[in-house]
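Peer 1: Quick one, what's the 3D model for this:
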Amino acid sequence: MKNTDFDKLEDMNFTFRKDAFRAKTMYCGKCDRKMKIVSVDFPVSKNIKVKLNMFKCSKGHEEMLNFEEAKKLDKALILNRIISNTAFGFKRKLSHDGDNYLFRLPSELTQGKKHSEITIIPLEKNEALIKW
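Peer 2: Numbering: from 1, shown residues only. Next up is the predicted model:
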């Protein structure tokens, strides 16, 4: 193997198209056929399913995800881990003002930063994910 002086290497810049990781077609690794896109309800857990557009080969039975669908599955797996891990949590009293309910975020979560807006993502009838 040739010795390389890494200190003398020049920097290189790469650019990728915006949709470079959004594969429109894939080929089976077993039979080299073009795979079809099928929509699948993938069960992450007993309570969570995610709709994925998978590439599936009818002959080789291979199934693959493109980068965007893999990110969607990864988020669902993270969400499942958050929901199923009830060892960590905060309890707060709910106040109400007419039809609106109010609660305060603990300073341990906000790390002293001021946030003017939050996003509430409903999960179930009485569960939600809060992002700020």
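
Peer 1: which stretches of the chain form strands?
Peer 2: Remark: strands assigned in the chain by DSSP state E are 36-43, 49-56, 63-64, 95-97, 100-102, 119-124, 127-131.

Peer 1: need those in a markdown table with mean neighbour count, distance to K18 and mean pLDDT, can you?
Peer 2: Using the backbone N, CA and C atoms, a C-beta is placed for each residue, glycine as well. Below are the strands of the chain laid out as a markdown table (neighbours: other C-beta atoms under 10 Å; distance: least, C-beta to C-beta, whole Å; pLDDT from 0 to 100):
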| stretch | mean neighbour count | distance to K18 | mean pLDDT |
| --- | --- | --- | --- |
| strand 36-43 | 12 | 20 | 92 |
| strand 49-56 | 16 | 19 | 92 |
| strand 63-64 | 15 | 21 | 90 |
| strand 95-97 | 8 | 44 | 90 |
| strand 100-102 | 9 | 40 | 87 |
| strand 119-124 | 10 | 24 | 82 |
| strand 127-131 | 11 | 24 | 79 |
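
Peer 1: These: which one's closest to K75?
Peer 2: strand 49-56 (8.2 Å; C-beta to C-beta).

Peer 1: Please name the strands paired to the closest one in the sheet, noting orientation.
Peer 2: strand 36-43 (antiparallel), strand 63-64 (antiparallel) (DSSP bridges).

Peer 1: quick one: that strand to chain centroid distance?
Peer 2: 13 Å (C-alpha atoms, centre = their mean, to the nearest Å).

Peer 1: sorry, back to before: among the strands paired with strand 49-56, which comes closest to T4?
Peer 2: strand 63-64 (34.7 Å).

Peer 1: returning to that earlier point: just send the strands of the chain back as a markdown table, with distance to S84 too.
Peer 2: As requested, the strands of the chain are exported to a markdown table (distance: least, C-beta to C-beta, whole Å):
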| stretch | distance to S84 |
| --- | --- |
| strand 36-43 | 14 |
| strand 49-56 | 15 |
| strand 63-64 | 25 |
| strand 95-97 | 29 |
| strand 100-102 | 25 |
| strand 119-124 | 12 |
| strand 127-131 | 12 |
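
Peer 1: Quick one: closest of those to R81.
Peer 2: Closest among these, using C-beta to C-beta: strand 127-131, at 12.1 Å.
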